[in-house]
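S.K.: can't give you the sequence, but here's the structure:
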Ligand code: GLA
């Protein structure tokens, strides 16, 4: 990897705070084009980029039909691509997902051979998208209608090269950024359409979800892919995961002197394997006790704290009456309480952001309540995340919470913009006291969805 490309260089310990550089997407795209040409002996037809996401609220509720409030941030994954006519999908990456080193080894599969279990590692995320597009095109996916525009013609293939500026393993959705940039590239090569409308983007997001659920084998819920493909600059999505309808809400706190800050704790992922799936299974077990298909259906259209308490009370009464429950009763109850209260918090933040003069201190308090629920009820926090939240709040942030799936990764803070460095220094001091690795800091801007760059 040339040094121009190594933005994600691991900093020296003791050099805290370290700010992750703002990505120069145009320069990265040009360099990627050159690397593509060197590797494949011809230039790419184009370069497409798709962002990672942050999420204000609605963690671990997308698969339960809850409302999530994600925004795309400015860190993107880039895919350079050119078509083939022999049905082969070939790919190289300028990153190695595990070791953060250059790895331009060629991966290769016939598009028709992509299937669950057939493609592993990072290439599974990319190749899985072609498989997912075919499912959506032919109506075999959970997408409500077949979308023939996503069909890849017989013999369709592509050469791909990817490069990412999204920190990997930081809870900022690097996987979705990879899937979604590949999806935009394949869709454009196949149809010539560089600017898919929202309906097509929704279908492409479903194809990426299918790639992740069935080819990669991660049972995730669609929050990340939707944010990556359907976001708008300066706004957060109000994403209704019952039907993946979206509305856009202002999420730019700069006028109030605030900014979105991510603290990447760099905490090692502990026990993460299987923990996400078990949380989802517990939510499904709670829904079965309540007699609903998904937990969102246990609440009314505009839920309040009282509605959440009432649904929890119904669950307790049903269990006391001997309703069968699949799993550890205490774990299932905690996951239910997280889901219900999180769904209410999402609606409250969405209501607040929709008012002309959003009360950011209220939003901040709801973020903190969200973190507490992720810690105590969803049980996906780790000491580094809790310490980062506490340190941000002590240093003047209005709110802070773990973002995404937890078990390491990042905290999203709503912080005063005028002295971010002081806030970061105080997080560094807290981490040093605990003997944690130095964290990394990123300012996040609500950014547009994936698009063609070159
Ligand atoms: C991961 C998953 C998402 C979502 C979040 C938690 O990011 O990919 O689908 O469930 O965790 O909110």
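M.R.: Structure received. As the structure is a prediction and not an experimental result, all values here were calculated from the model. Numbering: from 1, shown residues only.
S.K.: Could you use CA atoms for every contact and neighbour count after this?
M.R.: Noted.
S.K.: sec struct for the closest residue to the ligand within the chain, please.
M.R.: Nearest to the ligand, among the residues of the chain, is residue 59, at 3.1 Å (Cα to the nearest ligand atom). Look at residue 59: counting by DSSP: H, G, I helix; E, B strand; the rest coil, its state is coil.
S.K.: give me the number of residues near the residue lying closest to it once chain neighbours are set aside?
M.R.: In space, and not counting its chain neighbours, residue 59 is closest to residue 404: 6.2 Å by Cα to Cα, 6 or more residues apart in numbering. Counted by other Cα atoms under 10 Å, the residues lying close to residue 404 total 27.
S.K.: Got phi/psi on residue 404?
M.R.: phi 80, psi -140 (degrees, to the nearest 10).
S.K.: who are the neighbours in contact with it?
M.R.: Listed by Cα atoms under 8 Å, 6 or more residues apart in numbering, the contact set of residue 404 reads 54, 55, 59, 60, 171, 172, 173.
S.K.: What separation do you get for the residue of the chain closest to the ligand and residue 375?
M.R.: 12 Å (Cα to Cα, to the nearest Å).
S.K.: if you count what's nearby, which of these two comes out ahead?
M.R.: Neighbour totals were compared for residue 59 and residue 375, and residue 59 leads with 29 against 20 (other Cα under 10 Å).
S.K.: Contact partners for the more buried one?
M.R.: 68, 342, 374, 403, 404, 405.
S.K.: out of those, who has the most neighbours?
M.R.: residue 403 (31 neighbours).
S.K.: from what I can see it touches residue 53, true?
M.R.: No. Between residue 403 and residue 53 there is no contact, the gap being 9.2 Å when judged by Cα atoms under 8 Å.
S.K.: overlap in contacts of the two?
M.R.: residue 172.
S.K.: Need the distance between the two termini of stretch 149-165.
M.R.: 30 Å.
S.K.: ugh, wrong one, stretch 95-108
M.R.: End-to-end distance for stretch 95-108, by Cα to Cα: 17 Å.
S.K.: who's sitting farthest from the centroid in the chain?
M.R.: Computed with Cα atoms, centre = their mean, the residue of the chain farthest from its C-alpha average is residue 321, at 39.1 Å.
S.K.: how much space between that residue and residue 289?
M.R.: Distance, residue 321 to residue 289, using Cα to Cα: 11 Å.
S.K.: what's the answer for residue 381, then?
M.R.: Taken as Cα to Cα, the span from residue 381 to residue 289 is 26 Å.
S.K.: Mind checking which of the two has more residues around it?
M.R.: residue 381 (22 against 19).
S.K.: For that one, which non-adjacent residue is closest in space?
M.R.: Using Cα to Cα, 6+ apart, the nearest residue to residue 381 is residue 375, at 5.0 Å.
S.K.: What helix or strand is that neighbour located in?
M.R.: For residue 375, the host element (DSSP states H and E) is helix 360-376.
S.K.: pLDDT of that helix, averaged?
M.R.: Taken as a whole, helix 360-376 has a mean pLDDT of 99.
S.K.: Beyond it, next helix or strand please.
M.R.: helix 383-394.
S.K.: name the helices or strands packed onto that next one?
M.R.: strand 399-402, strand 410-416, helix 420-434 (3 or more Cα pairs under 8 Å, 6 or more residues apart in numbering; DSSP states H and E).
S.K.: what's next to that helix, contact-wise?
M.R.: By Cα under 8 Å, 6+ apart, helix 383-394 touches 263, 265, 267, 375, 399-402, 408-411, 413, 415, 423-424, 426-427, 430-431, 436.
S.K.: Among the residues you listed, name the buried ones.
M.R.: Those of the contacts of helix 383-394 that meet the buried threshold are 263, 265, 267, 375, 399-402, 408-411, 413, 415, 423-424, 426-427, 430-431, 436, by 16 or more other Cα atoms under 10 Å.
S.K.: Return the distance of stretch 184-195 from the chain's centre.
M.R.: 23 Å (Cα atoms, centre = their mean, to the nearest Å).
S.K.: Also stretch 317-325?
M.R.: Its chain's average C-alpha position is 35 Å from that of stretch 317-325, according to Cα atoms, centre = their mean.
S.K.: what about the longest helix belonging to the chain and the ligand, touching?
M.R.: Determined from DSSP state H, the single longest helix within the chain is helix 329-354. No. Counting by Cα under 6 Å from any ligand atom, the ligand is not contacted by helix 329-354; separation bottoms out at 10.2 Å.
S.K.: per-domain residue ranges of this structure.
M.R.: 23-250, 253-444 (automatic domain parsing).
S.K.: Any chance of JSON lines for the ones you listed, columns distance to residue 15?
M.R.: As requested, these are arranged in JSON lines below (distance: least, Cα to Cα, whole Å):
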{"stretch": "domain 23-250", "distance to residue 15": "18"}
{"stretch": "domain 253-444", "distance to residue 15": "8"}
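S.K.: who wins for proximity to residue 450 among the ones you listed?
M.R.: Proximity to residue 450 (Cα to Cα) singles out domain 23-250 among those, at 3.8 Å.
S.K.: measure that closest one end to end?
M.R.: From start residue to end residue, domain 23-250 stretches across 23 Å - Cα to Cα.
S.K.: now swap in stretch 191-199 and tell me
M.R.: Terminal-residue distance, stretch 191-199 (Cα to Cα): 15 Å.
S.K.: So for that stretch, mean pLDDT?
M.R.: Mean predicted lDDT for stretch 191-199 stands at 97.
S.K.: List the contacts of it.
M.R.: 149, 184, 187, 188, 230, 451, 452.
S.K.: Tell me how far it lies from the chain's centre.
M.R.: In terms of Cα atoms, centre = their mean, the centre of stretch 191-199 is found 22 Å from the chain centre.
S.K.: With stretch 396-404 instead?
M.R.: Taking mean C-alpha positions (Cα atoms, centre = their mean), stretch 396-404 and its chain are 16 Å apart.
S.K.: just stretch 428-441 next, same as before
M.R.: 24 Å.
S.K.: doesn't residue 55 make contact with residue 70?
M.R.: Yes. Counting by Cα under 8 Å, residue 70 does reach residue 55; the two are 3.9 Å apart.
S.K.: Helix or strand, whichever it is, which one in the protein has the lowest mean pLDDT?
M.R.: One helix or strand of the chain scores below all others by mean pLDDT, DSSP states H and E: strand 103-110, with a mean of 84.
S.K.: Thank you, goodbye.
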